[in-house]
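After the sequence you'll find the predicted model.
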Amino acid sequence: MTATDPQQRTLTGCARPPARCRNPLNSIKFFVFCHSLLQLAQLLVSGYLKSSISTIERRYGFSSQKSGLLASFNEVGNTALIVFVSFFGSRIHRPRFIGGGALIASLAGVLIALPHFLTGPYEFSHSTSSTQDNSSGLCHTERTFYTESSHQNCTQQESNAHQEVFPIMLLGQLLLGIGGVPVQPFGISYIDDYASKKNSPFYLGILFAVTVIGPAVGFMLGSFMLHFYVDIDKPGKMPELTNADPRWVGAWWLGFLLAAGFLFLTSLPYFFFPRKMPKEETTETTTVPEAENEVKEEKPKSDPFKDLSLIEFLKSFPSIVLRTLKNPIYLLVVLAQVNLAAMVAGLATFMAKFIERQFTKTASLSNLIIGGVNIPAATVGIMAGGAIMKRLSMSVKASALMCTIAVLLSVIFGLPLLFLGCPTQDIAGVYPLRQEIPQECGKCSCETEAFNPVCGSNRVEYRSPCHAGCMAQAMDTEGKVLNYTDCSCIDANGFVGFAVPGTCGSSCSHFFIPFIIFSALSGLVASFSQTPSFMMILRTVKPEDKSFAIGVQYMLFRVLAFMPGPVLYGSAIDTTCILWGKKCKKNTSCHYYNLDLFRQRFLGLQVFFVIGAFFSFLLSFLVLRKMTVRQQQAGKPDHPVEGDKSDGSNTSKMLLSKAREAGHTQSTV
């Protein structure tokens, strides 16, 4: 019995009886496995929201500014509570707090999907859904009865329900942010406390990989779910629409329910993990128990807030923030990262919509491109940046130079995107404003809120068959409209033309592949700066302030980038709208954009933020070079700010991984 005890302690790190040691709840490896699944589920919810944001816009008539506010609102709850996470640290039962937070986030996912069950069936156009005859949407010489009744029904039944949708979704996003507060910091600190020094970086690397995969899986899930019609769960005949139709709305709510269910299941094991787990040991650590004891004694010293009360902590918080921000390198690097984070937050929210509108692609394909191309490219860039830094053993000054070059290359690859796009299609009565209209046109009494786009034989798009002056339609044996005929508003070489259902689409599909290539390259080279910029922060702040500096960094990220970024992008997109949809005589989501302005303002913001990051990194490099020259002239050792080269220690690796974990939910998209 005594002969087997040392072996059991070496392999399991447990001095208790073998049966207890084999309990998976006492294994840090099992905790890492559970935490990987939990983080995947959490990021699945947030990533899926961004993949379905344009669909939610269309379903409930949100403007882009409104949907941007919705996408960023989870940061409100996260920011409000992140200070308390820094204070409580290891004073609480961390696994149970993680499980409780995950349950709240799971409830948030259900809450976001709830509006689908509170509102009636989706009506994509009053002109085609208010009557049962086959002539709906065609030209009428006078306004008919169903027009007025449709407005009455809209006012009585739908207006109140749609007004309640946005607050419910905001509440869901708020809870999602609150629930996510304890997941990453408590999980990482728990692993770092009870994993062996040798295995801790490997375990944290697994979590880092999951944070990269999570958003990609969210976009992939969105691509799959948006193939299904939104009212697939409701009785009634399915409309004759395809997912290429501009009126199509996919089953956006279904992915939230699946992700919330997955999140609920992954939260359950955390209520059974112990507050303190047996320390994982390896053969190397058992041979030098003195070193292990020394590490255990030093850990409390690394937490300067351990002996402070909550009131004392809150009082000292502003002064410590100011002291941290007085470091010029820290301030410049954080400013650069804030620029990049704001850019990525906006792109992650609206890039799918940009691809949909600019190149007339479906929401499913747009999400597939982001999840399958853009995010993996950014992942490769992050990994390559870390590998280069390790290979060359780069100093802080060299890291600043690397970040500057990477961001400059990102600007170079991003500039061609401003010219790889489609001009706005000709839309009768909308764009361009000056158009020749046939004399026979204008006699139709069309529904003002109708949106059933058709493409005329003259390659001009019309809002509906009625707006094209079409008097008849040809249908197949299944009742599907093939084309509209006798269209008085369509002049085809002096003859009355015809129209086919759907939009005319873009005339520059050949730009789509080059756009994806340059977009992926721009994201890839910009991601090279991720790891070096974090290491610059870790090496230029005092050792006792490192953990707090990372917390301040991500507080600034949320306040200055993650929250305002999507709203700013959404507001810029709204300024390019040339025809707003209307429902119940109120503006809803935009039907048509000026695509040239859309491209210039959307991608112009990207270039603006990247240039801001470039100048911030460049200034940090110049400051470091000036400091180095002064130190050499004074006869001091070179690079004193880099003297903490021992940051390859377990503590610094933990801090670096913690920083990556906290920010890569958005920053890898």
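In hand now; what should we look at?

Regarding M471, which helix or strand does it belong to?
strand 470-475 (DSSP states H and E).

To clarify, my last question referred to I329.
helix 328-359.

List the buried residues for that helix?
Buried residues in helix 328-359, counted by 16 or more other C-beta atoms under 10 Å: 329-359. In short, each C-beta sits where N, CA and C put it, glycine included.

Show me the shaky parts of the stretch 551-669 of the chain.
Within the stretch 551-669 of the chain, the ranges that satisfy pLDDT under 70 run 635-669.

ok, now with 80
Scanning the stretch 551-669 of the chain for pLDDT under 80 picks out 551-555, 583-587, 628-629, 631-669.

Also the stretch 51-200 of the chain?
For the stretch 51-200 of the chain, applying pLDDT under 80 flags the ranges 77-92, 123-137, 140-163, 184-185, 188-189, 192-193, 195-200.

Now do the helices in it.
Applying DSSP state H, counting those that start in this stretch to the stretch 51-200 of the chain gives helices spanning 53-60, 64-72, 74-88, 94-113, 115-118, 126-129, 145-153, 159-180, 183-194, 200-225.

could the ones you listed go into JSON lines alongside distance to K443 and mean neighbour count?
Below are the helices of the stretch 51-200 of the chain laid out as JSON lines (distance: least, C-beta to C-beta, whole Å; neighbours: other C-beta atoms under 10 Å):
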{"stretch": "helix 53-60", "distance to K443": "31", "mean neighbour count": "24"}
{"stretch": "helix 64-72", "distance to K443": "36", "mean neighbour count": "25"}
{"stretch": "helix 74-88", "distance to K443": "52", "mean neighbour count": "19"}
{"stretch": "helix 94-113", "distance to K443": "46", "mean neighbour count": "22"}
{"stretch": "helix 115-118", "distance to K443": "41", "mean neighbour count": "16"}
{"stretch": "helix 126-129", "distance to K443": "17", "mean neighbour count": "22"}
{"stretch": "helix 145-153", "distance to K443": "17", "mean neighbour count": "15"}
{"stretch": "helix 159-180", "distance to K443": "32", "mean neighbour count": "19"}
{"stretch": "helix 183-194", "distance to K443": "63", "mean neighbour count": "22"}
{"stretch": "helix 200-225", "distance to K443": "44", "mean neighbour count": "22"}
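
Grab the nearest non-local neighbour of Y48.
G218 (4.3 Å; C-beta to C-beta, 6 or more residues apart in numbering).

Could you pull up the contacting residues of that neighbour?
L43, L44, V45, S46, G47, Y48, L49, K50, S51, A259, G371 (C-beta atoms under 8 Å, 6 or more residues apart in numbering).

I232 now?
Applying C-beta under 8 Å, 6+ apart, we find I232 in contact with M238, A251, L254.

and these as CSV, adding neighbour count and secondary structure?
Formatted as CSV, the contacts of I232 follow (neighbours: other C-beta atoms under 10 Å; DSSP: H, G, I helix; E, B strand; the rest coil):
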residue, neighbour count, secondary structure
M238, 9, coil
A251, 20, coil
L254, 21, helix
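
just to revisit the earlier point, what's the first helix or strand after the helix holding I329?
Downstream of helix 328-359, the next assigned helix or strand under DSSP H and E is helix 363-369.

Against which helices or strands is that following helix packed?
Applying 3 or more C-beta pairs under 8 Å, 6 or more residues apart in numbering; DSSP states H and E, one finds that helix 363-369 makes contact with helix 200-225, helix 328-359.

from the middle of its chain, how far away would the helix or strand following it be?
For helix 363-369, the following helix or strand on the C-terminal side (DSSP H and E) is helix 375-392. Distance, stretch centre to chain centre, for helix 375-392: 21 Å (C-alpha atoms, centre = their mean, to the nearest Å).

swap in stretch 588-597?
Centroid separation for stretch 588-597 versus its chain: 22 Å, with C-alpha atoms, centre = their mean.

for stretch 520-528, same thing?
Between the mean C-alpha location of stretch 520-528 and the chain-wide mean there is a distance of 17 Å, by C-alpha atoms, centre = their mean.

mind exporting it as PDB, just the C-alpha atoms?
C-alpha atoms of stretch 520-528 as PDB (Å, rounded to 0.1, in the frame of the first residue of the first chain):
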ATOM      1  CA  ALA A 520      -9.200  37.900 -45.700                       C
ATOM      2  CA  LEU A 521      -5.600  39.100 -46.400                       C
ATOM      3  CA  SER A 522      -6.300  42.400 -44.600                       C
ATOM      4  CA  GLY A 523      -7.700  40.600 -41.600                       C
ATOM      5  CA  LEU A 524      -4.800  38.100 -41.600                       C
ATOM      6  CA  VAL A 525      -2.000  40.600 -41.600                       C
ATOM      7  CA  ALA A 526      -3.800  42.900 -39.000                       C
ATOM      8  CA  SER A 527      -4.000  39.900 -36.700                       C
ATOM      9  CA  PHE A 528      -0.200  39.600 -36.700                       C
END
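
For it, which outside residues touch it?
Under the criterion C-beta under 8 Å, 6+ apart, residues 340, 373-374, 377-382, 384-385, 388, 402-403, 406-407, 409-410, 413-414, 417, 610, 668 lie in contact with stretch 520-528.

Can you flag the buried ones in those residues?
Among the contacts of stretch 520-528, those scoring as buried are 340, 373-374, 377-382, 384-385, 402-403, 406-407, 409-410, 413-414, 417, 610, 668 (criterion: 16+ other C-beta under 10 Å).

check contacts around the closest residue to N78 other than its chain neighbours.
Excluding its sequence neighbours, the residue lying closest to N78 (C-beta to C-beta, 6+ apart) is G177, at 3.9 Å. G177 makes contact with F73, N74, E75, V76, G77, N78, T79 under the criterion C-beta under 8 Å, 6+ apart.

redo that, cut-off 6 Å
If you count contacts by C-beta atoms under 6 Å, 6 or more residues apart in numbering, G177 has them with N74, E75, G77, N78.

farthest pair in these?
In these, the most distant members under the criterion C-beta to C-beta are E75 and G77, with 7.6 Å between them.

Hmm, M220 and I370 touching each other?
No - contact criterion C-beta atoms under 6 Å: I370 and M220 do not qualify, at 9.2 Å.

re earlier: can I get the helices of the stretch 51-200 of the chain in CSV with distance to Q606?
Listed next are those as CSV, based on distance: least, C-beta to C-beta, whole Å:
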stretch, distance to Q606
helix 53-60, 17
helix 64-72, 15
helix 74-88, 20
helix 94-113, 27
helix 115-118, 31
helix 126-129, 38
helix 145-153, 41
helix 159-180, 24
helix 183-194, 27
helix 200-225, 18
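
Nearest to F511 among those would be which one?
helix 53-60 (20.3 Å).

What is that closest one packed up against?
Contact here means 3 or more C-beta pairs under 6 Å, 6 or more residues apart in numbering; DSSP states H and E; on that basis helix 53-60 packs against helix 64-72.

Report the buried residues of the longest helix belonging to the chain.
Secondary structure of the chain read by DSSP state H shows that its longest helix is helix 595-633. By neighbour count on 16+ other C-beta under 10 Å, the buried set for helix 595-633 is 595, 597-603, 605-607, 609-614, 616-621, 624, 627-628.

could you give the angle of that helix to helix 64-72?
50 degrees (axes from the mean of the first three to the mean of the last three C-alpha atoms, to 10 degrees).

same for helix 595-633, what does it pack against?
Contact here means 3+ C-beta pairs under 6 Å, 6+ apart; on that basis helix 595-633 packs against helix 328-359, helix 396-414.

And the ones you listed: which comes nearest L170?
Among the helices and strands packed on helix 595-633, helix 328-359 comes nearest to L170, with 15.2 Å by C-beta to C-beta.

Could you name the helices and strands sitting against the closest one?
helix 363-369, helix 530-540, helix 546-557, helix 564-574, helix 595-633, helix 650-667.

still on that earlier bit, run the angle between the longest helix of the chain and helix 530-540 for me.
Relative orientation of helix 595-633 and helix 530-540, computed by the same axes, to 10 degrees: 40 degrees.

so which of the contacts of I232 would you say is closest to N493?
Distances from N493 to these, taken as C-beta to C-beta, are shortest for M238 (38.5 Å).
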